[in-house]
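> Structural data only, the sequence is not supplied:
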């Protein structure tokens, strides 16, 4: 068993010192690797998120092959997700701006401040379980599985809560559909 697997095994047993050693060993390399796709600040966030996930899920961690391969693949995948989200938002913003340019320039068009107030009110009106799942997913970029683990429910329950939250928010914010498309994704689609 190589040193990386030994460290990983100790991490799975809850050894904080082993986790710190694993973190220190791979953090700089993973950040440099992530910089191929994202900014240095985003690279650090991606790697920190991965390493935090490893610690939070150390009991369930199963790495079949090389620890190095696992960490680099996780880093690449998170970077690709971040890049694709950014590209998609940019495409939506560009398309929306082109199609609604006249409305954006109109003084009668919805102000962003008004939208924020209405969005906050609509979120507060949601049942707490719906709101918590929705906010964790949409604003904190957590997966259904991560949210389910934190809340002690199944991923299907999280999926249901988020879909119900979206339905309720669509009703409350129907007048703001054009702006919400690029701010919150499929909320109004």
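Okay, I see it. What you see is a predicted model, and the numbers here were worked out from it, not measured in a lab. Residues are numbered from 1 along each chain as shown.
> Now do the same for residue 162: its pLDDT.
Residue 162 carries a pLDDT score of 89 in this model.
> Next, the contact list for it, please.
Shown in contact with residue 162 (Cβ atoms under 8 Å, 6 or more residues apart in numbering): 130, 133, 134, 137, 138, 144. No exception for glycine: its C-beta is placed from N, CA and C like everyone else's.
> wait, which of those residues is closest to residue 68?
Distance to residue 68 across the contacts of residue 162 (Cβ to Cβ) is lowest for residue 144, with 28.1 Å.
> ok, that closest one touching residue 136?
No. Counting by Cβ atoms under 8 Å, residue 144 sits too far from residue 136 to count as a contact (9.5 Å).
> Okay, domains of the chain per the record?
The record's domain split for the chain, according to automatic domain parsing, is 3-83, 101-188.
> Can you flag the weakest of the ones you listed by average pLDDT?
In terms of mean pLDDT, the lowest-scoring of those is domain 101-188 (a mean of 77).
> packing partners for the host helix or strand of residue 5?
Secondary structure assignment for residue 5, by DSSP states H and E: helix 3-12. Applying 3 or more Cβ pairs under 8 Å, 6 or more residues apart in numbering; DSSP states H and E, we find helix 3-12 packed against helix 16-34, helix 67-99.
> I'd like to know how far residue 40 sits from residue 34.
9 Å (Cβ to Cβ, to the nearest Å).
> who's more crowded, those two?
residue 34 (24 against 11; other Cβ atoms under 10 Å).
> so what's residue 129 closest to, chain neighbours aside?
Among residues not flanking residue 129 along the chain, residue 161 sits closest, at 5.6 Å (Cβ to Cβ, 6 or more residues apart in numbering).
> Can you tell me the number of residues neighbouring that neighbour?
24.
> tell me the secondary structure for it?
The local conformation at residue 161, judged by DSSP: H, G, I helix; E, B strand; the rest coil, is helix.
> quick one: contacts for it?
With Cβ under 8 Å, 6+ apart, residue 161 has these contacts: 129, 130, 132, 133, 134.
> now the residues you listed: which count as buried?
By neighbour count, with 16 or more other Cβ atoms under 10 Å, the contacts of residue 161 hold 129, 130, 132, 133, 134 as buried.
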